[in-house]
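> The following block contains a protein sequence and its predicted model.
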Amino acid sequence: MTIQHGFPFDPTHGYSQEQLLKIASPEAPADFEAFWRNNYALAMEHKPYYFIEREIWSPEEKVRIFAVRAKTWDNLEISLWILHPENPKGAVLIGHGYGNPSQPPEPDGDFTLCLPCVRGLGRSQCREIPWLPPRHVVHGIASRETYILRGVISDLWLAATVMIDLFPDAAANLNYMGSSMGGGMGALMLPWDSRFKAAYLDVPTFGAKIRFDYPSTGSGEACRLYIQEHPEALDVLAYFDASASAKYLKIPTIVTPALFDPCVAPVGQFSVANSIPETCRTMFIREVGHFAPTEKDKELNLKVDALRRELFLKK
């Protein structure tokens, strides 16, 4: 397969599918699991304070859409969209991509949906955190306690708590889905939170440090350039390796890494996908990611979406 493109580098980085399926994650720090379990405990000890800011027009008559604001454990404020149908069959927490989302997701009559804007991005922009992705992804990188992704993952846990508090039936069938940054956040967040039943991780970011060997157009490029000047940052980033975290997943997980991706290096995506235990992993391989989909990928999208819905609706 040859993809015509205008990038100054090869978005496959010369890897075949066979080679990508052999990418493994590096050994994680000895206290990796303890670090994340402590982060989860800290987030869950926080009694959430939130309020419904307003209700907005919904394109679906039987789905209400709420703009919600919530206080984090470290006293920041984040914004969430929560969409609630009349008779939901489940709930989905949605992780957004690395940008500045401002709109709610499309309504789904089967699911209560929650799309939080994580700290510093979209409707959760603030003075303390840069909203430009290349600046956001290296914010606080001097230590694992201050690095932005620690707070970002806590924001997802808070969002799930707020959704369940508002609509308790969400707890009975809570699922997660996210693409790109949302896929990477899911791999970092899900293993430590037993509230979730199933997940879908699409072209996930934050994979093994091998991704820093290759150029890209995404947030990983900002990290790659940063560590060239500050190699000590690799010690911090080791705690935020989505491939290391993915090893701890225990719920059914669909993952869709791409062979060609200018934004998220395929080696990073496959490090995450390969690390998910085979007992709970269903993998589909995209021809391209963060690029105009091929006809094969368009067909794959329909197949994966149908399987995801079946998985999320399964009791």
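That came in fine, so what should we check first?
> quick one: residue 153 and residue 292, what's the gap?
Distance of residue 153 to residue 292, computed by C-beta to C-beta, to the nearest Å: 31 Å. Quick note: C-beta positions are derived from backbone N, CA and C, even for glycine.
> and if you look at residue 26?
Distance of residue 26 to residue 292, computed by C-beta to C-beta: 33 Å.
> Neighbour count for those two, which is higher?
Legend: neighbour count by other C-beta atoms under 10 Å for residue 26 and residue 292, higher for residue 26 (12 against 9).
> Which parts of the stretch 51-200 of the chain are strands?
Counting by DSSP state E, counting those that start in this stretch, the stretch 51-200 of the chain has these strands, from start to end: 63-71, 77-85, 90-95, 111-117, 174-179, 196-202.
> elements contacting the first one?
This points to strand 63-71. In terms of contacts (3 or more C-beta pairs under 8 Å, 6 or more residues apart in numbering; DSSP states H and E), strand 63-71 is packed against strand 49-56, strand 77-85, helix 148-166.
> next one: the fifth one
The contact analysis (3+ C-beta pairs under 8 Å, 6+ apart) places strand 174-179 against strand 90-95, helix 181-189, strand 196-202, helix 295-313.
> The ones you listed: which one's closest to residue 19?
With C-beta to C-beta as the criterion, residue 19 lies closest to helix 295-313 of the helices and strands packed on strand 174-179, at 20.0 Å.
> What helices and strands are in contact with that closest one?
strand 90-95, strand 174-179, strand 196-202, strand 253-256, strand 286-288.
> Run through the stretch 201-315 of the chain and note the low-pLDDT ranges.
For the stretch 201-315 of the chain, no stretch is flagged by pLDDT under 70.
> Okay, buried residues for stretch 7-21 please.
11-13, 15, 20 (16 or more other C-beta atoms under 10 Å).
> actually stretch 201-208, sorry about that
Neighbour-count burial for stretch 201-208 flags 201-208 (criterion: 16+ other C-beta under 10 Å).
> tell me the two of these that are most distant?
Maximum pairwise distance in the buried residues of stretch 201-208, criterion C-beta to C-beta, is 18.0 Å, between 202 and 208.
> ok so, going back, of the buried residues of stretch 201-208, closest to residue 265?
Among the buried residues of stretch 201-208, residue 207 lies closest to residue 265 (C-beta to C-beta), at 7.8 Å.
> Please convert the helices and strands packed on strand 174-179 to JSON lines, extending it with distance to residue 172.
As requested, the helices and strands packed on strand 174-179 are exported to JSON lines (distance: least, C-beta to C-beta, whole Å):
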{"stretch": "strand 90-95", "distance to residue 172": "8"}
{"stretch": "helix 181-189", "distance to residue 172": "20"}
{"stretch": "strand 196-202", "distance to residue 172": "9"}
{"stretch": "helix 295-313", "distance to residue 172": "12"}
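> can you count the residues close to the residue lying closest to residue 11 once chain neighbours are set aside?
Excluding its sequence neighbours, the residue lying closest to residue 11 (C-beta to C-beta, 6 or more residues apart in numbering) is residue 262, at 4.2 Å. Using other C-beta under 10 Å, the number of residues around residue 262 comes to 24.
> now the stretch 51-200 of the chain, which segments are flagged as low pLDDT?
Under the criterion pLDDT under 70, no range of the stretch 51-200 of the chain is flagged.
> One more pass at 90, please.
For the stretch 51-200 of the chain, applying pLDDT under 90 flags the ranges 99-100, 102.
> before we move on, the earlier item: which of the helices and strands packed on helix 295-313 sits most buried?
Compared across those, strand 90-95 shows the largest average neighbour count, a mean of 27 (mean count of other C-beta atoms under 10 Å).
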